[in-house]
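> Quick one: sequence and predicted model below, then my questions.
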Amino acid sequence: MTALAGCILAIPVGDYLTKVAHVPEMEGQRATTIFFLCVPLGILASLLIGVIARGVPYLLSDNPQRSMATPRIAIRATYAGKMKIPEQPDGYSIRVSLYIETRESGFAFIDWNSITRNPEHVIIPGKVALLTHSKTRSLLASMGNEPAASQFVELKNLPPAPRKADEAWSDWIFATERADLTAIPNSERFAIRYRVHPIER
């Protein structure tokens, strides 16, 4: 569309400029200058404007594809509640997803083979990519399909653009509320800690 607009605008602009430059009319010199110089230049200029108009917002956006290193967080979730985790869990029995503001952004990869258990709790390791520079992030840890078994853990201390200091493991952060917004007894709360590191493409 920008190329077509440039082509159309180049004709009256070229007509004006050739008159200002006193290009002679004889043997079609002015018309030739308009159609073989001004019109191609108008198309080229409009294409350049279109590229800039599309590229600048992209460079200023949070799109992770423009970066050669996308941050991700490694997480460790621990659970000591009454709900039983199967000996061989899967994506239905345990899920962790990242929320940006109030919108789900993506699921964490759970390392099933590295889950550890002891008499007091289960530790579940995983990782999830940080795809935006949002100020508000939280993790939703879920077990099965019961809303009461899904709990939000707010990542309040994780800045929009992670720093070198965030590559160290954080303190344990306890869940604040269930997915149905009800309170969680202390004995039933998930706890999560995280550290940030880049994924080189």
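Here it is on my side, so go on. Every value quoted in this text rests on a predicted model; they were computed, and no experiment measured them.
> Tell me how the chain divides into domains.
For the chain, whose domains are defined here by automatic domain parsing, the residue ranges read 2-60, 70-200.
> which one of those has the lowest average pLDDT?
Least confident of the domains of the chain, judged by mean pLDDT, is domain 2-60 with a mean of 64.
> In contact with the residue nearest to Glu154 when sequence neighbours are not counted: list those residues for me.
Leaving aside its sequence neighbours, Glu154 sits nearest to Ser138 (Cβ to Cβ, 6 or more residues apart in numbering; 4.7 Å). (C-beta placed from N, C-alpha, C; glycine too.) Contact partners of Ser138, counting by Cβ atoms under 8 Å, 6 or more residues apart in numbering, are Leu98, Tyr99, Phe152, Val153, Glu154, Leu155.
> again, 6 Å this time
With contact set as Cβ atoms under 6 Å, 6 or more residues apart in numbering, Ser138 has these partners: Tyr99, Phe152, Glu154, Leu155.
> which SSE is the second one in?
So that's Phe152. Secondary-structure assignment from DSSP states H and E places Phe152 in strand 151-154.
> who does that strand touch, helix- and strand-wise?
Under the contact criterion of 3 or more Cβ pairs under 6 Å, 6 or more residues apart in numbering; DSSP states H and E, strand 151-154 touches strand 137-143.
> burial count for the nearest residue to Pro159 once chain neighbours are set aside?
Ranked by Cβ to Cβ, 6+ apart and with sequence neighbours excluded, the top spatial neighbour of Pro159 is Asp166, at 7.2 Å. Residues contacting Asp166 under the criterion other Cβ atoms under 10 Å number 18.
> In three-state terms, label Asp166 for me.
Recorded secondary structure, Asp166: helix (DSSP: H, G, I helix; E, B strand; the rest coil).
> I figured it hits Pro198, correct?
No. Asp166 is not in contact with Pro198 according to Cβ atoms under 6 Å; the separation is 11.1 Å.
> Show the end-to-end separation of stretch 163-180, please.
When the termini of stretch 163-180 are compared using Cα to Cα, to the nearest Å, they are 33 Å apart.
> Show me what counts as buried in that stretch.
Of the residues in stretch 163-180, those buried by neighbour count under the rule 16 or more other Cβ atoms under 10 Å are Asp166, Ser170, Ile173, Ala175, Arg178.
> ok, the residues you listed vs Pro125, which is closest?
For those, the closest approach to Pro125 (Cβ to Cβ) belongs to Ser170, at 14.3 Å.
> Backbone dihedrals for the closest one, please?
In terms of degrees, to the nearest 10, the main-chain angles of Ser170 are phi -80, psi 170.
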